[in-house]
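Novice: Structure of the sequence below:
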Amino acid sequence: MNKVKTAISSPRSWAFGLGLGVIGALALPLIVPSRGSPLDFRETQKPVEKPATKPVAPVAAASSSSSSSKPATTKVEKGPFKVEVALSGIFEATRTTEVSIRPKAWALPLVVERGVELGMSVKKGYILVEFDHEKIDKMIQDTEVENTLTDLALKQAEEELPILDKSLPIDLAAAERTKAQADEDLKRFLEIDRPNSERSVHFTVKQAGEYLEYSKEELKQLEKMYRSKDLTEETEEIILRRQRFQVEASEFYKKEAEQHRDQTLKIDLPRQEQRARESAVKQAIDLAKARALLPLNLNQKRLTLAKLKYDHAKAAEKLADLRADRETMTVHSPADGLVYYGRAERGQWTSGAATAQKLHKGGIIAPDEVFITVVSPRPVDIRATVEEKDLYALTQPKELKGVVTPTFDPERRLPARLTSVVSVPREPGKFEVVIAVELGTDQTAIKPGMAASVKFIPYRKDDALTVPSTAIFEDDSADPLTYYVYLAKPDKDGKFPKRHIKIGKKAGAKTEVLNGLAEGDEILTSKP
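Specialist: Purely as a prediction, here's the structure:
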């Protein structure tokens with residue numbers, strides 16, 4: 001080791017000495033594996049300035065790598081210390097009124113006829129947008145006609161139901177009476193009418209036969225009498241002729257009676273019996289149908305009337321809704337303010353460009369779509385996003401004040417105050433904050449939606465003890481977690497002692513020390 005030092009310190013050649021110094025520095029950890037070695041890798045990365053006049057400067061650098069030199073150190077400083085949090089935000093109006101159409105009955109597209117200009121200052125009641133109303137006017141007219149027909153049908157049903165209600169027992173009694181009469185007719189036909197008809201036709205045939213026999217016998221007696229008496233020939237002929245016709249007529253009547261008898265027995269009576277039986281069956285069916293269906297028909301009429309009343313009420317409601325929708329086709333401003341297109345989301349008008357394409361003649365606006373927001377230009381807040389690492393610093397002071405710089409006027413400074421912090425993240429690692437800002441009467445150029453930067457100083461101390469954050473180390477074996485530094489003065493064993501400290505706030509590359517060190521104490525900047 002001494003030989004190496006001697007070779008390096010020889011002033012023969014500056015270049016030769018520099019080379020041996022580098023070799024010695026690289027070989028030193030292998031030759032002297034001491035815990036207190038002064039070699040610091042980060043220090044060797046620093047550029048070496050060439051000496052202006054003296055070529056022996058490298059010799060001094062080489063000698064600094066010896067065991068007697070110290071690692072890089074720093075001193076505890078006392079002075080002003082502050083924690084700054086810088087945010088970017090948007091001026092956001094505290095009073096906004098969204099404008100949209102929420103039709104109750106109109107379901108077709110809303111077609112723009114004309115719309116208001118972006119940024120226009122309007123008063124309450126000013127016409128913002130007019131929609132084409134030709135189709136809704138036609139629908140209102142058709143609905144009025146339908147309502148008239150529904151009203152007539154309702155009145156008719158209301159008149160019919162009481163009548164049907166009263167006629168139900170009468171119709172049931174009539175059906176039962178008709179059934180009873182049909183049964184009686186069948187029974188009478190089978191027991192009385194048919195036997196009488198059969199006896200009647202048989203007796204008619206018998207009577208006709210008797211009349212025929214009487215006529216023939218009378219003719220025979222007349223012929224016999226005229227042969228024995230002396231009568232004139234003309235009188236005889238008249239009487240005989242009349243009697244012969246009587247015989248002929250009796251024969252005819254007998255044949256008629258026989259034909260009537262046959263038709264009655266073979267055709268008429270069987271048909272009458274069939275009709276009587278069918279009538280009895282049919283009336284039984286009609287009675288069963290009347291008993292089953294007449295009450296159902298009455299209930300159906302009641303339900304029909306109830307439905308007509310419901311439909312009439314719904315139709316009237318629809319007509320009223322259509323008329324109300326017709327009124328909304330002309331959109332009036334709900335408040336005084338500035339016209340913004342679309343809807344604001346956390347102070348930003350993300351849908352303004354898309355909405356601008358719709359608010360012209362022929363553009364289509366969807367129902368419930370917020371197409372305009374009327375914004376009161378004052379008062380305004382600032383909505384900003386803070387990273388999670390800075391959230392704790394903002395939430396510690398009871399009342400945190402800051403400074404706002406409008407983007408459009410970087411020279412302007414406006415007083416600000418943190419008013420609220422959203423307790424849950426808006427997105428991973430980011431939280432929303434609302435900041436009150438005092439614009440004053442001369443800041444008319446600032447409008448909602450413009451950008452700004454905000455600076456807060458949540459912590460400030462004029463006489464804080466600070467050290468580089470890289471010089472502080474964590475003792476993860478302790479519970480709770482503690483911090484320590486290495487003092488720059490080694491002990492008798494050549495080791496650098498640890499000193500446990502209590503830390504405060506961190507700002508940039510510096511950390512505040514609350515306890516354990518004093519101003520001017522020298523510590524190592526890295527682990528030995």
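Novice: show me what contacts the most centrally placed residue in the chain?
Specialist: Ranked by distance to the mean C-alpha position of the chain (Cα atoms, centre = their mean), the top residue is residue 368 at 11.1 Å. Residues near residue 368 by Cβ atoms under 8 Å, 6 or more residues apart in numbering: 100-102. Any C-beta I mention is one placed from the backbone N, CA and C, and that applies to glycine too.
Novice: next one: residue 456
Specialist: Per Cβ under 8 Å, 6+ apart, neighbours of residue 456: 84-87, 393-394, 400-402, 418.
Novice: Mind doing that once more with 10 Å?
Specialist: Shown in contact with residue 456 (Cβ atoms under 10 Å, 6 or more residues apart in numbering): 83-87, 386, 390, 393-394, 397, 400-403, 416-418, 433, 435.
Novice: Okay, and which of those map to strands?
Specialist: Per DSSP state E, strands hold the following members of the contacts of residue 456: 83-87, 386, 401-403, 416-418, 433, 435.
Novice: can you tell me how far residue 395 sits from residue 328?
Specialist: According to Cβ to Cβ, to the nearest Å, residue 395 stands 45 Å off from residue 328.
Novice: Apologies, that question was intended for residue 493.
Specialist: Taking Cβ to Cβ as the measure, residue 493 falls 89 Å from residue 328.
Novice: and what of residue 455?
Specialist: 46 Å.
Novice: Quick check: pLDDT value at residue 42.
Specialist: With respect to pLDDT, residue 42 scores 36.
Novice: Buried ones in stretch 128-141, by neighbour count?
Specialist: 128-129, 131, 133, 136, 139-140 (16 or more other Cβ atoms under 10 Å).
Novice: typo on my end, stretch 292-309
Specialist: Buried, per 16+ other Cβ under 10 Å, within stretch 292-309: 294, 301, 305, 308.
Novice: Over to residue 378. Which of the three states is it?
Specialist: Counting by DSSP: H, G, I helix; E, B strand; the rest coil, the backbone at residue 378 sits in coil.
Novice: quick one: low-confidence ranges for the stretch 301-450 of the chain?
Specialist: The model of the stretch 301-450 of the chain has no residue with pLDDT under 70.
Novice: any idea where the helices of it begin and end?
Specialist: Listed in chain order, the helices found in the stretch 301-450 of the chain under DSSP state H, counting those that start in this stretch are 352-356, 388-395.
Novice: Same list (the ones you listed) but as a markdown table, adding distance to residue 279 and mean neighbour count.
Specialist: Formatted as a markdown table, these follow (distance: least, Cβ to Cβ, whole Å; neighbours: other Cβ atoms under 10 Å):
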| stretch | distance to residue 279 | mean neighbour count |
| --- | --- | --- |
| helix 352-356 | 80 | 15 |
| helix 388-395 | 97 | 15 |
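Novice: want to try CSV for those, with distance to residue 207 as columns?
Specialist: Below are the helices of the stretch 301-450 of the chain laid out as CSV (distance: least, Cβ to Cβ, whole Å):
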stretch, distance to residue 207
helix 352-356, 110
helix 388-395, 129
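Novice: Out of these, which gets nearest to residue 226?
Specialist: Each of the helices of the stretch 301-450 of the chain has some distance to residue 226 by Cβ to Cβ; the shortest is helix 352-356, at 133.3 Å.
Novice: mind checking which helix or strand the closest residue to residue 500 other than its chain neighbours is in?
Specialist: Nearest residue to residue 500 in three dimensions, chain neighbours excluded: residue 484, at 4.7 Å (Cβ to Cβ, 6 or more residues apart in numbering). Residue 484 is part of strand 482-486, with elements assigned from DSSP states H and E.
Novice: so what strands line up beside the helix or strand following that strand?
Specialist: Counting by DSSP H and E, the element after strand 482-486 in chain order, helix or strand, is strand 498-507. Counting by DSSP bridges, the strands paired with strand 498-507 are strand 482-486 (antiparallel), strand 510-515 (antiparallel).
Novice: what distance separates the first one from the centre of its chain?
Specialist: I take that to be strand 482-486. How far strand 482-486 lies from its chain's middle: 57 Å, per Cα atoms, centre = their mean, to the nearest Å.
Novice: do the same with stretch 266-283
Specialist: For stretch 266-283 - counting by Cα atoms, centre = their mean - the centre lies 71 Å from the chain centre.
Novice: got the contact list for it?
Specialist: Outside stretch 266-283, the residues that reach it (Cβ under 10 Å, 6+ apart) are 175-190, 193-195, 197-198, 201, 260, 262-264.
Novice: Buried residues in the strand holding residue 484, which are they?
Specialist: Buried residues in strand 482-486, counted by 16+ other Cβ under 10 Å: 483-486.
Novice: Let me have the strands paired with strand 498-507 in CSV, extended by distance to residue 334 and mean pLDDT.
Specialist: CSV is the format used below for the strands paired with strand 498-507 (distance: least, Cβ to Cβ, whole Å; pLDDT from 0 to 100):
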stretch, distance to residue 334, mean pLDDT
strand 482-486, 59, 93
strand 510-515, 53, 94
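Novice: any idea of the angle the strand or helix carrying residue 459 forms with helix 388-395?
Specialist: Secondary-structure assignment from DSSP H and E places residue 459 in strand 451-468. Here the directions of strand 451-468 and helix 388-395 differ by 90 degrees (axes from the mean of the first three to the mean of the last three Cα atoms, to 10 degrees).
Novice: avg pLDDT for strand 451-468?
Specialist: 94.
Novice: Tell me the gap between it and the middle of its chain.
Specialist: Here strand 451-468 is found 47 Å from its chain centre; the criterion is Cα atoms, centre = their mean.
Novice: Which parts of it count as buried, going by neighbours?
Specialist: Buried, per 16+ other Cβ under 10 Å, within strand 451-468: 452-454, 456-459, 464-468.
Novice: Can you name the next helix or strand after that strand?
Specialist: Moving toward the C-terminus from strand 451-468, the next element (DSSP H and E) is strand 473-475.
Novice: Show me what that following strand is packed against.
Specialist: strand 482-486, strand 498-507 (3 or more Cβ pairs under 10 Å, 6 or more residues apart in numbering; DSSP states H and E).
Novice: please redo it, this time with the cut-off set to 6 Å
Specialist: The contact analysis (3 or more Cβ pairs under 6 Å, 6 or more residues apart in numbering; DSSP states H and E) places strand 473-475 against strand 482-486.
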